[in-house]
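> Mind folding the following:
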Amino acid sequence: MPPRAHNCSAADPVEELRSAPAEQDPDGEAVWEPVAVDPSRPISQTNPPRRSPHHAQTPRATAGEVERRIAEAQLWIAQRLPLLEIRAKAGQSWGVSNVKTVNRYLDLARARMVEELISDRRRHQAEQIFALNDCARRAMAADQFSAAVGAFRVIAEIGGLLRAPIKPADPHGGGARS
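Below you'll find the predicted structure:
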């Protein structure tokens, strides 16, 4: 893989994504456009022709475009799309076919999702409780009472009302029934 033409911090994944090549070969290595060589000038072993920097060949995504891609990747992760489908969507939506680049976007999207979950935990708990309440109401309306009980149990676990299992474990390996 050719060296990067600019200095960017390895700790800044957004900058890394912005400067990634757009195409790759079947082995996952970056594909670079061939450099035009003047046929009248012979190629020597001591001074081979230089490639131009890759960012001059492929347009770099703006910071706003990178943020949009990360948000879109978060949506795909939340929808639990298969990785192959995410890669296909990334190619269609972003014009990115490099598997490593798509994986970097996904890694960054997952990291941001975890940060949001940790920093705004109560809001996420409230959203889950609301969704489970709705699920329990629909289950009861459909006479699926065991599903409703399961939803209410998860609500109690999320709210911290239920910490221990309902049925104590039988030391003899059997169920709780006698």
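> CA atoms for contacts and neighbours, from now on please.
Fine.
> Mind checking the pLDDT average for stretch 96-105?
Average pLDDT, stretch 96-105: 92.
> Same check on stretch 152-167?
Stretch 152-167 comes out at a mean pLDDT of 77.
> which residues sit against that stretch?
With contacts defined as CA atoms under 8 Å, 6 or more residues apart in numbering, stretch 152-167 is touched by 125, 129, 132-133, 136, 176.
> rerun at 7 Å
Residues outside stretch 152-167 that contact it (CA atoms under 7 Å, 6 or more residues apart in numbering): 125, 129, 132, 136, 176.
> any idea which of these has the most stuff around it?
A136 (22 neighbours; other CA atoms under 10 Å).
> who does the helix or strand hosting that residue touch, helix- and strand-wise?
Following DSSP states H and E, one finds A136 within helix 121-141. When contacts are defined as 3 or more CA pairs under 7 Å, 6 or more residues apart in numbering; DSSP states H and E, helix 121-141 packs onto helix 145-159.
> follow-up on the earlier one: now render the contacts of stretch 152-167 as TSV, adding distance to E115 and pLDDT.
TSV is the format used below for the contacts of stretch 152-167 (distance: CA to CA, whole Å; pLDDT from 0 to 100):
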residue	distance to E115	pLDDT
Q125	15	84
I129	20	89
L132	23	91
A136	29	93
A176	40	52
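> Spatially nearest residue to G91 (excluding sequence neighbours)?
Counting by CA to CA, 6 or more residues apart in numbering, S97 is the residue found nearest to G91 once chain neighbours are left out, at 5.2 Å.
> Just give me the neighbour total for the one you found.
Applying other CA under 10 Å, I find that S97 has 20 neighbouring residues.
> Run a quick neighbour tally on E15.
Close neighbours of E15, defined as other CA under 10 Å, add up to 17.
> And for A156?
Neighbours of A156 under the rule other CA under 10 Å: 14.
> any idea how far it is from Q144?
Distance of A156 to Q144, computed by CA to CA, to the nearest Å: 19 Å.
> helix or strand right after the helix or strand of the chain with the lowest mean pLDDT?
Lowest by mean pLDDT, DSSP states H and E among the helices and strands of the chain is helix 54-57, with a mean of 50. As assigned by DSSP H and E, the chain's next helix or strand after helix 54-57 is helix 63-78.
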